[in-house]
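Trainee: dropping a prediction and its sequence here:
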Amino acid sequence: MSRVGRLFVLAAAVVATAAAAAVGAVAAHADTQQCTTDPYTGVVTCIVVRDPTPPPGSSAPSSGGGPTGCTWAGAAVPCSTDLGWFSNGCYWQAMSPQPAAGDPAWQGHSPGEGMIYRKYCMYDPPGPYYIWSADPPPGAPATLPPAATVALRAEAQLALPTLRAQSNASAAAATYVAVPTWLWVDPAGWHPLSASASVGTRAVTVTATPVATLWNTGDGSAPVRCAGPGAAFDPARPYDPPCGHTYRTSSARQPQTGPAPNDRYFTVRGSVVFAIHWVCSGDCDQASGDLADMTWGTTAMPLRVFEVQTVVVNH
């Protein structure tokens, strides 16, 4: 995003109002213009910073709020502007969208547990600052978190199944080098799952729909991605699996895991890829949207791979 210079005359108005209230007192105060770049948006914001020391004869700084209005350094200031809501010398504004889970701004909390606010202050340095708070700033109207943030809370409630990895080969049956090996998960578990969460009058339902499987075949090959759950082995077409892998090396050099010399396996692990879509109801800032795909692991499967040696004999 390109940097956009913005000069908020709000703070300058505060200085002017204070000057009118106490003629000659303002000269004793150091008013400076501070410009900062928002690390999230790249927007450059400039504000006139008012020395917080109240001029002679004025009241002390107040967070204000509510019907009595807001004051700072003995001067009236707007309680709400495009910088947010005024409280304790700063304007607070809930970030929208909220930072992703794991962002340092959450201070170890999870999305949906309070909110991250951007603060611009009337004292030096002005900010912006990013702070987590469980509640809105004092005097501010209740702020609902973005629907996308509530969706993250709903996503955490999903009860995804751990599907069993299956193959026509197994620890007992084995497969062979250069022969296609079938891979699949139980199709009975291949269906959408939903969960809901709400904050105040804003409710969000998340639906996770399985769309693909990823297979780590254990032999160092690139992961195999299949559209769908795969299919159980069909002896009518053994060399044409809807989802499968052809091994190029045997498992003979894998660590021995059982009493027999041939108890050597590749460990196959699958993951189901879920597409995440959410829908909001009630008081919504956004009707619907998508979250990042989620992957959910299957059970692990030992798979023994043999190699057939061909011997040519002259007659």
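Mentor: That came through, no problem. Small disclaimer: the values here were computed from a predicted structure and weren't measured.
Trainee: how about the strands in the stretch 1-150 of the chain?
Mentor: 5-8, 32-37, 44-49, 70-72, 75-77, 80-81, 84-87, 90-94, 115-121, 129-133 (DSSP state E, counting those that start in this stretch).
Trainee: go on, the stretch 151-300 of the chain?
Mentor: 165-167, 175-176, 180-185, 193-199, 202-216, 224-226, 244-246, 266-282, 288-303.
Trainee: dump those strands to TSV, plus mean pLDDT, distance to residue 69 and mean neighbour count.
Mentor: For glycine as for every other residue, the C-beta is placed from the backbone atoms N, C-alpha and C. As requested, these are arranged in TSV below (pLDDT from 0 to 100; distance: least, Cβ to Cβ, whole Å; neighbours: other Cβ atoms under 10 Å):
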stretch	mean pLDDT	distance to residue 69	mean neighbour count
strand 165-167	92	65	22
strand 175-176	88	78	20
strand 180-185	94	63	24
strand 193-199	89	29	17
strand 202-216	94	29	20
strand 224-226	96	60	17
strand 244-246	94	70	21
strand 266-282	94	32	20
strand 288-303	93	38	16
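Trainee: which stretch in the strands of the stretch 1-150 of the chain has the least confidence?
Mentor: Averaging pLDDT over each of the strands of the stretch 1-150 of the chain singles out strand 5-8 as the lowest, with a mean of 31.
Trainee: picking up where we left off before, now the strands of the stretch 151-300 of the chain in TSV, with distance to residue 159?
Mentor: Below are the strands of the stretch 151-300 of the chain laid out as TSV (distance: least, Cβ to Cβ, whole Å):
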stretch	distance to residue 159
strand 165-167	20
strand 175-176	33
strand 180-185	17
strand 193-199	7
strand 202-216	10
strand 224-226	24
strand 244-246	30
strand 266-282	12
strand 288-303	11
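Trainee: out of the ones you listed, which is closest to residue 237?
Mentor: strand 180-185 (10.0 Å; Cβ to Cβ).
Trainee: just want the angle from the closest one to strand 266-282.
Mentor: With axes from the mean of the first three to the mean of the last three Cα atoms, to 10 degrees as the criterion, the two stretches strand 180-185 and strand 266-282 enclose an angle of 40 degrees.
Trainee: what packs against strand 180-185?
Mentor: Identification of packing neighbours for strand 180-185 by 3 or more Cβ pairs under 8 Å, 6 or more residues apart in numbering; DSSP states H and E yields strand 165-167, strand 202-216, strand 244-246, strand 266-282.
Trainee: now those as JSON lines including distance to residue 231?
Mentor: Written out in JSON lines, the entries for the helices and strands packed on strand 180-185 read as follows (distance: least, Cβ to Cβ, whole Å):
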{"stretch": "strand 165-167", "distance to residue 231": "10"}
{"stretch": "strand 202-216", "distance to residue 231": "11"}
{"stretch": "strand 244-246", "distance to residue 231": "10"}
{"stretch": "strand 266-282", "distance to residue 231": "14"}
